[in-house]
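Undergrad: Build me a structure from this.
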Amino acid sequence: MSNQIDKPTLFGLVVLFLVFFVMPVHAQQDSLGTDINQSRNKQIKHILDYRFKGGAGAFESELLKHVSYTPEALNNCVIGTVILSFTVDCDNKMGDLRMRNPLHFGLNEKLQAFFKATEGQWNTCKDERYTKFEIPILFTIGKTETSAKGFVIIEGESPGLRCKSDAYYMEQFEKWRNKGKVKRAIESLDMLIRRDPYNQSYFDLKKELLTSSEKE
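TA: Numbering: from 1, shown residues only. Take a look at the predicted model:
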């Protein structure tokens, strides 16, 4: 009896290996980021339901009432996630407003105005764990592909020109990195980081690029 495996059988074994071993690894990597985002949003909702009058839904409605795209932001295809960080102590004293990953073009000012407008809309508490907030707010433009996620999403209408997708900036990064153009490669990565500041892989690529350029 021959111990050889014919080509059709070998091909079938390769396909099975890809289906049962390789593909699940990629699926797990994709689902990990999704799980983290879902867990973060669940925690934010829990805190807002407890502290904000009317809960997380009322908080989102209030934000959307005050914050929208500015013409300048639309015309410059500004897409990104602002991380709104602030405190509201158990006696409802508001303070320490910070914006990580600010987007400018009038959007930061709108977020500041929204924060001030929430004064008097908070519930008292007895637990300091419910006094600190970190809320990702995604600004995105319709029909533009991005993997970024936010607790609140503010979507603007396309200004008529086609804004660049995440895939475009990743392709630009690869192109400039392969050509040894570190500055241009980092510019592309920074665009992706602005869109998704929670994506650790972007920071890892940037660190790797900077480290390798220092060694040269």
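Undergrad: So which elements touch the helix or strand encompassing residue 213?
TA: Assessed by DSSP states H and E, residue 213 sits inside helix 200-215. Judged by 3 or more Cβ pairs under 8 Å, 6 or more residues apart in numbering; DSSP states H and E, the packing partners of helix 200-215 are helix 182-195. Just so you know, the C-beta spots here come from the backbone N, C-alpha and C atoms, and that holds for glycine as well.
Undergrad: hang on, residue 164 is in a strand, isn't it?
TA: No: using DSSP: H, G, I helix; E, B strand; the rest coil, the assignment for residue 164 is coil, not a strand.
Undergrad: and it, what does it touch?
TA: 77, 144, 191 (Cβ atoms under 8 Å, 6 or more residues apart in numbering).
Undergrad: Pull out the CA atoms of stretch 81-100 and give them to me as PDB.
TA: The C-alpha coordinates for stretch 81-100 follow below in PDB (Å, rounded to 0.1, in the frame of the first residue of the first chain):
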ATOM      1  CA  THR A  81     -12.200  60.300  17.900                       C
ATOM      2  CA  VAL A  82     -12.100  62.900  20.700                       C
ATOM      3  CA  ILE A  83     -11.800  61.400  24.100                       C
ATOM      4  CA  LEU A  84     -13.700  63.600  26.400                       C
ATOM      5  CA  SER A  85     -12.300  63.300  30.000                       C
ATOM      6  CA  PHE A  86     -13.800  65.100  32.900                       C
ATOM      7  CA  THR A  87     -15.000  64.800  36.500                       C
ATOM      8  CA  VAL A  88     -18.300  65.400  38.300                       C
ATOM      9  CA  ASP A  89     -17.800  64.900  42.100                       C
ATOM     10  CA  CYS A  90     -20.600  63.400  44.200                       C
ATOM     11  CA  ASP A  91     -21.800  66.900  45.000                       C
ATOM     12  CA  ASN A  92     -22.200  67.600  41.300                       C
ATOM     13  CA  LYS A  93     -19.200  69.900  41.100                       C
ATOM     14  CA  MET A  94     -17.900  69.700  37.500                       C
ATOM     15  CA  GLY A  95     -14.300  70.100  36.500                       C
ATOM     16  CA  ASP A  96     -11.000  68.900  35.000                       C
ATOM     17  CA  LEU A  97     -12.300  68.900  31.400                       C
ATOM     18  CA  ARG A  98      -9.700  67.600  29.000                       C
ATOM     19  CA  MET A  99      -9.800  66.500  25.400                       C
ATOM     20  CA  ARG A 100      -7.400  63.900  24.300                       C
END
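Undergrad: Number the residues from 571 up from this point.
TA: That works, and once the first residue is 571, the last one we named lands at stretch 651-670.
Undergrad: Just the buried residues of it, please?
TA: 651, 652, 653, 654, 656, 658, 659, 664, 669 (16 or more other Cβ atoms under 10 Å).
Undergrad: can you check stretch 689-699 too?
TA: For stretch 689-699, using 16+ other Cβ under 10 Å, the buried residues are 691, 692, 695.
Undergrad: Now pLDDT and secondary structure too, for those residues, in CSV please.
TA: Shown next, in CSV, are the buried residues of stretch 689-699 (pLDDT from 0 to 100; DSSP: H, G, I helix; E, B strand; the rest coil):
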residue, pLDDT, secondary structure
691, 96, coil
692, 97, strand
695, 95, coil
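Undergrad: Good, wrapping up.
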